[in-house]
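> Sequence and predicted structure below; questions after.
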Amino acid sequence: MKGKIRIFAMLGWLIAAGAAAGCLILFQSLQEVLAREQRLRQSTAGLENRTSHTRISNKPLVLITGDSRAAQLGEAPLGDFAVVNRGVPGQTTIEVLARIGRDMAVSRPDHVIVIAGVNDLKQGELSSEEMAAIVRSFEEMLLIGDAMGIPVTVCPIWGASSKPTLRGFALPSNLDGYVRDANQLLRAVAEEKGADIANADPLLDEKGLVRESLSSDALHLNAAGQKVLRKLLLESLDSNEGSDSD
């Protein structure tokens, strides 16, 4: 009997040790990810995140910029469009604004897609002035594009999925309300500037949340979600190209 008790005790210790080791590995992995994002954000221009890009002369070029949800899309072509990606994880709209003009001047794209805004909103407790500042950042991006003669498509801010956490951190319960308010202001600015707002509705369920089948965590898309987003962005680009040729 005592032998069985010792065996069960040893098994308990082994299970506990394994769980502790797993938690330690997860914690270290999380620390590495957060440290990398912090390093990237300290370089507002996102220089650490750049890869060399050689333009394919016979293909129109799209610059994708913004935060981690932009970075997720990588540089695979969008239909007949070549892609250069300048998404930087963790950045807010003002940080994207700080580098978008340089990125446009360097890469000289035919079109720009901006995916940003959720990092401004995920902290919660935003005043009306802070909300207006987010939209002003988008407005400045559109003005830069207009000044350079490069059309800019803004992707509406999409909120969270029904998954409650992002890397173990809870998101504010009123995030979706902030997303709706910001998008309403964003659409008004885009309409005033004659800019294009991409369609993100197919990513969302009837509650306005990102479909769980398309999400990898509370905020980011999985491979299926990225495929849907890429299709929506391509439709927006094709539509814009068609209107330019009229």
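Arrived safely.
> so after the host helix or strand of residue 82, what's the next helix or strand?
Taking DSSP states H and E as the criterion, residue 82 maps to strand 82-87. Next helix or strand after strand 82-87 toward the C-terminus (DSSP H and E): helix 93-107.
> next one: the strand holding residue 82 to chain centre, how far?
Mean-position distance between strand 82-87 and its chain equals 13 Å (CA atoms, centre = their mean, to the nearest Å).
> which residues are contacting it?
By CB atoms under 8 Å, 6 or more residues apart in numbering, the residues outside strand 82-87 that reach it are 46, 49-50, 53, 55-56, 59-77, 99, 103, 107, 109, 115. Every C-beta, even on glycine, is put in place using the N, C-alpha and C of the backbone.
> Note down every partner strand of that strand and its orientation.
Strand 82-87 pairs in its sheet with strand 61-66 (parallel), by DSSP bridges.
> I would like the residues contacting the next helix or strand after the strand it pairs with, please.
Under the assignment DSSP H and E, the closest C-terminal helix or strand after strand 61-66 is helix 68-71. Outside of helix 68-71, the residues within contact range by CB under 8 Å, 6+ apart are 37, 49, 64, 85-90, 113-116, 118, 219-221.
> give me that answer again for 7 Å
For helix 68-71, the external contacting residues (CB atoms under 7 Å, 6 or more residues apart in numbering) are 64, 85, 87-90, 115, 220-221.
> Please put the alpha-carbon coordinates of the strand holding residue 82 into CSV.
What follows is strand 82-87, C-alpha atoms only, in CSV (Å, rounded to 0.1, in the frame of the first residue of the first chain):
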residue,chain,number,x,y,z
ALA,A,82,3.1,42.6,-56.4
VAL,A,83,3.2,43.4,-52.7
VAL,A,84,5.7,45.1,-50.4
ASN,A,85,4.7,44.7,-46.7
ARG,A,86,5.6,47.3,-44.1
GLY,A,87,3.3,46.1,-41.3
